[in-house]
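>>> coords below, sequence missing:
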């Protein structure tokens, strides 16, 4: 999907069990809720606060919601029902949004990420290293409560786009040859030549990694490491690769 914003929706008073086909999602916790209100206020459907939320944090979130015209209410029951940790005292619902990637920006492509926590952490890593354009290949859901909370709200500051396979993504960026992170890549990370334009960095699942058909679509690059370790967590590998290959937060 590439639509800028999902069709108008309304979140029910009682939120159902989360499912990826819902047109809306929700996020819990002060920092993630705050970043949703800061970075994507136009998608926020409502803000719900718990009676135990600290007054200064409640005032902070209310001010952001008022600025965006977002309705605010107290909803202890739904926050307690949806939080996985007892420390979450705020919840915001939002319309899911996919956005076109910047054509002149570095892109990160995540192929078949399987763990929502790893996905959220990787999105936060990408934002921290200045890559705001991320393609998700496969059925992974960056809007699940687990993923958005793991990203600490970073998901809402990114341009995210979904594709059924790596070839479909590459069709949107003709002329780009992606760098594919693999354990046995043909080029060591330090030997990759300087960029002469925007890059695409592709990371697959830690196991079994990218399929042969996917590896045939780009140039492979490896992160040299000790032989005792076969692979790195995807968020760690992406952080190392983006630090070395991406053009950073000030790139055009």
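Done, it's in. Quick caveat, the model's predicted, so the values are computed rather than measured.
>>> how much space between residue 232 and residue 151?
19 Å (Cβ to Cβ, to the nearest Å). Quick note: C-beta positions are derived from backbone N, CA and C, even for glycine.
>>> please identify which of those two sits among more neighbours.
residue 151 (27 against 18; other Cβ atoms under 10 Å).
>>> for that one, which non-adjacent residue is spatially closest?
Ranked by Cβ to Cβ, 6 or more residues apart in numbering and with sequence neighbours excluded, the top spatial neighbour of residue 151 is residue 120, at 3.8 Å.
>>> so who does that neighbour touch?
Residues counted as contacts of residue 120 (Cβ atoms under 8 Å, 6 or more residues apart in numbering) are 142, 146-152, 154-155.
>>> can we see that at 10 Å?
With contacts defined as Cβ atoms under 10 Å, 6 or more residues apart in numbering, the neighbours of residue 120 are 32, 113, 142, 144-155, 235.
>>> for it, pull up the helix or strand it's in.
Using DSSP states H and E, residue 120 sits within helix 116-128.
>>> check what pLDDT residue 252 gets.
Note for residue 252: predicted pLDDT of 46.
>>> ok, now residue 159?
For residue 159, the predicted pLDDT is 96.
>>> what's opposite it in the beta bridge?
On the basis of DSSP bridges, residue 159 is bridged to residue 133.
>>> so what's the residue count around it?
Neighbours around residue 159, by other Cβ under 10 Å: 17.
>>> show me where the stretch 101-250 of the chain has its strands.
107-111, 133-137, 159-163, 179-181, 187-188, 200-203, 219-222 (DSSP state E, counting those that start in this stretch).
>>> those into CSV, with extra columns for distance to residue 62?
CSV is the format used below for these (distance: least, Cβ to Cβ, whole Å):
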stretch, distance to residue 62
strand 107-111, 34
strand 133-137, 31
strand 159-163, 28
strand 179-181, 43
strand 187-188, 51
strand 200-203, 39
strand 219-222, 47
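>>> indicate which one of these is closest to residue 20.
strand 159-163 (10.7 Å; Cβ to Cβ).
>>> just want the angle from the closest one to strand 133-137.
For strand 159-163 against strand 133-137, the angle by axes from the mean of the first three to the mean of the last three Cα atoms, to 10 degrees is 20 degrees.
>>> make 393 the first number, not 1, from now on.
Fine by me, first position is 393 from now on; the one you just mentioned is strand 551-555.
>>> quick one: which of the strands of the stretch 493-642 of the chain is nearest residue 458?
Taking Cβ to Cβ, strand 551-555 is the member of the strands of the stretch 493-642 of the chain nearest to residue 458, at 26.6 Å.
>>> roughly how far is that closest one from the heart of the chain?
Relative to its parent chain, strand 551-555 has a centroid offset of 9 Å by Cα atoms, centre = their mean, to the nearest Å.
>>> for that strand, packing partners?
strand 499-503, strand 525-529, helix 558-562 (3 or more Cβ pairs under 10 Å, 6 or more residues apart in numbering; DSSP states H and E).
>>> now the ones you listed in TSV, with mean neighbour count and distance to residue 453?
Output for those, formatted as TSV (neighbours: other Cβ atoms under 10 Å; distance: least, Cβ to Cβ, whole Å):
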stretch	mean neighbour count	distance to residue 453
strand 499-503	25	30
strand 525-529	22	26
helix 558-562	19	36
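>>> reformat the ones you listed as a markdown table; add distance to residue 492.
Shown next, in a markdown table, are the helices and strands packed on strand 551-555 (distance: least, Cβ to Cβ, whole Å):
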| stretch | distance to residue 492 |
| --- | --- |
| strand 499-503 | 11 |
| strand 525-529 | 9 |
| helix 558-562 | 12 |
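>>> go through those and name the closest to residue 483.
strand 525-529 (23.9 Å).
>>> the closest one to strand 499-503, inter-axis angle?
Using the same axes, to 10 degrees: strand 525-529 against strand 499-503 is 20 degrees.
>>> pLDDT of strand 525-529, averaged?
Per-residue scores along strand 525-529 average to 96.
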